[in-house]
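Asks: Need the 3D shape of this:
(chains A and B)
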Amino acid sequence: MNIALLIALCLIAGIAVRLLRRWQRLGLSATLIGVVLLSGFFAAMPSAPVVVLGRSFASDSATRVFLGSILSAASALAVFAPLAFQRASAAPARVGANSQGAFFFWALAPLIAAVTLDSFPLAVFAWAIGLIVLMLSARPQSEGRVGGAAQFLLLIVIASASLLLANRFFDLYPLTPENLDLVRDAVIFLALGFGLLLAIAPLHIWLGPLADELSPLGLAFLVGVAQPVGVWLLLQQMGETTWLVPRSSLLTVLLLGGGLTAPLGALLLLSERRDARWLAYLGLIPLGSVLIGMGLGTRLALAGALLALVNRAWGIALIAGGLSFARHHPARRWQRVGASAILIGGLALAGVAPLGFAANFAMYRDLSASHPILFVALLGSNGLAVLAVLRVVWRSVNEKIETEETNAARLILYAGVLVAALLVVALIGAGIFPQVLAEPLLETVGKASYLK
Amino acid sequence: MRRPSSVTFSGERMTLVDFSSATILSGLIITVALIILVADWRVALFALLAQYVLSASLLAGLVPLPLAIVRVLSGAFAAAILYFTFRRAADNHRRDLAQAEDDAARLVVARLYRLQVFVVGFPFRVFALALVAVGIVGIASSMTFLGLSSDLLFGGLWLIAAGVLVAILSRDVLRLGLGILLFTSGFAILETATESSLLLYGLINISDLLLALVCAHLAALPPTDGLRRRRGELR
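Replies: As a prediction, this is how the structure comes out:
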């Protein structure tokens, strides 16, 4: 029942934030109350599966840890949202900017269902609905052409259709095990569906135009909260469909996808100066690592991939918060706070010790022995990521400050700093004590029969 | 789930004599052609609604008639959502025309409005539509997919391909929304024919409404400064 309560609470918190959007302190208070209640319900969630409306919702330890990571990242983004507060008016741009937290809560509700549902097609549907709802926070960029957000709607529909068709092949193959064409078709549809929505190279081309129409926080929600849900669904399917990995080339596809995505993300990142696009391309690098970790097919690499996924969610949320400080609060102290958040989040995404290094090390050990070229490509990508992060931080710190005043209430700024500090602690904690997260995460996913 | 030769309605069997598969498929071709070839939004919206009725007729062979009618209802709601947004956009267009000071300015506004619907002209759209139609006829008549009958396969693939075509050719968010709804209609036919899950069928109908809502929302928002192409540039 707690999962239903979590979902209901997300919807109610979203409505409250939307209604209170004109008053920044009240909006923040509604967000904080929502986050505290979400944390309370999440902590009280029973570990046994829950049946709601005839459907079973899993809440084993792996699901709880993963759900906890995306809940915390989404909550952080919702608290960061008032940092972009604009003076209340009826202008659609301001209404949208001041309601970002509401859209995050509303998009989070179906994502919670997607993570916990025991049915792949229903989970895919819930994931797609979460992504569609998130597009409400987008803002068309220019008149006279279809923007990235509208195009992304079509991609969501195409990808969901592919995944549901793949599910049909999953159902059919056990009836005719000699027909290996069904396995091949299932993998093709699976690769198309997940490849599109996870922005795996070369299917990543929608990411830039969409980033132009989303705020950095909205983009961070997409990349740091919604995309990991897709990776989680893929992992679940790989574990539950025991014949899928041994009888197909899915692991090779994952290795190839990861091997292309990380270096391409690094190259795009180097030349990018728009903040949302920059964040999107930065997120591609750890995504490549995660895919490679999954594609190696070993328990240790999978542990690293799962840790990298959690690190990525927290790191991206932290950078988005830093960008919000840097973009909306020109006073020197807040610029420094923003630069610090971007630096720490960026280093975590690049896997610099102690932030995120444990995750990368777990993957690098197996990768360097079996695929040395991919290993070098990953190292190079992470090196370029560090350079790109340092460049942005350097610019932010050396920016000429024209005013020391800010329109935001101090409460909002301090809440932002507090949440950023909590994310830093979480990232450092996950880097120093990776077993705290890795062991429960592997409890169910790590038992998949294909793992070596 | 096999497709019966007749539809059931409240336990009684009703034969579809006048509304055969060929009629339905011809209707689907015509409605899609109207959406792709005619720039006027009223015609396109009417064609979308007709497409939902025809899709529901095709689905009536797979699910009980009351459930098939749900598809028409969700299409009607989606069309209603889009209607209000289209009308608002048309009002804006009329206001711009009224504010234009001379015939030259009015011509510019009218031309801008026409250009905003599609990225290419009428002849290219006819050519693209013909190519897609020939391709889908070829695919549906020469291959099998999950044991579907050729009329269902053609209906589903035709709407999916037409949806993608509309989305590719559209310059207008609302027209792209019509393309997305065409795609989901085609997928609903394939999904309902291969899966027996009523829950999924219901979710497809709900997602249609959600997609129409988000498209209308995106279309109603004024764009950011068109000249500032590189929005959010890092300092």
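Asks: longest helix of chain B?
Replies: Counting by DSSP state H, the longest helix found in chain B is helix B:65-99.
Asks: neighbours around A:S47, how many?
Replies: Counted with other C-beta atoms under 10 Å in any protein chain shown, residues neighbouring A:S47 total 11. Backbone N, C-alpha and C define where each C-beta goes, glycine included.
Asks: dump the residue contacts of residue 78.
Replies: Defaulting to chain A. A:V17, A:T31, A:G34, A:V35, A:Q100, A:G101, A:F104, A:F105 (C-beta atoms under 8 Å, 6 or more residues apart in numbering or on different chains).
Asks: oops, chain B please
Replies: Each residue near B:A78 by C-beta under 8 Å, 6+ apart is listed here: B:L48, B:L181, B:D208, B:L209, B:L211, B:A212.
Asks: Correct me if wrong: the second one contacts B:D208.
Replies: If I follow you right, that is B:L181. Yes - counting by C-beta atoms under 8 Å, B:L181 touches B:D208, with 6.1 Å between them.
Asks: so what's in contact with those two at the same time?
Replies: Counting by C-beta under 8 Å, 6+ apart, the shared contacts of B:L181 and B:D208 are B:G75, B:A78.
Asks: Need the residue in chain A that's farthest from the chain's center.
Replies: Going by C-alpha atoms, centre = their mean, the residue of chain A most distant from its centre is A:E178, 38.2 Å out.
Asks: Let's see the pLDDT reported for it.
Replies: Looking at A:E178, its pLDDT stands at 86.
Asks: Tell me the secondary structure at it.
Replies: Of the three states, A:E178 takes coil under DSSP: H, G, I helix; E, B strand; the rest coil.
Asks: all helices of the stretch 51-200 of chain A, in order?
Replies: Taking DSSP state H, counting those that start in this stretch, the helices of the stretch 51-200 of chain A run over residues A:61-80, A:92-98, A:100-116, A:120-134, A:148-172, A:180-197.
Asks: what does the second one contact?
Replies: Pointing back at helix A:92-98 there. For helix A:92-98, contacts defined as C-beta under 8 Å, 6+ apart pick out A:21-22, A:24, A:27, A:82, A:84-89, A:137, A:139, A:215, B:220-222, B:224.
Asks: run the last query once more with 10 Å
Replies: A:17-18, A:20-24, A:27, A:81-82, A:84-89, A:91, A:102-103, A:136-139, A:215, A:217-218, A:328, B:217, B:220-224 (C-beta atoms under 10 Å, 6 or more residues apart in numbering or on different chains).
Asks: filter these to the buried ones?
Replies: Buried by 16 or more other C-beta atoms under 10 Å in any protein chain shown: A:17-18, A:20-21, A:24, A:27, A:81-82, A:84-85, A:102-103, A:136-139, A:215, A:217-218, A:328, B:217, B:221, B:223-224, out of the contacts of helix A:92-98.
Asks: out of those residues, which are inside strands?
Replies: Judged by DSSP state E, the buried ones among the contacts of helix A:92-98 include no members of strands.
Asks: In the helix or strand where A:L379 lies, which residues are buried?
Replies: According to DSSP states H and E, A:L379 maps onto helix A:372-397. By 16+ other C-beta under 10 Å, the buried positions in helix A:372-397 come out as A:374-375, A:377-379, A:381-382, A:384-386, A:388-389, A:392-393, A:396.
Asks: related to what we said a few turns ago, would you turn the helices of the stretch 51-200 of chain A into JSON lines with distance to B:I204?
Replies: Formatted as JSON lines, these follow (distance: least, C-beta to C-beta, whole Å):
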{"stretch": "helix A:61-80", "distance to B:I204": "26"}
{"stretch": "helix A:92-98", "distance to B:I204": "28"}
{"stretch": "helix A:100-116", "distance to B:I204": "15"}
{"stretch": "helix A:120-134", "distance to B:I204": "8"}
{"stretch": "helix A:148-172", "distance to B:I204": "9"}
{"stretch": "helix A:180-197", "distance to B:I204": "16"}
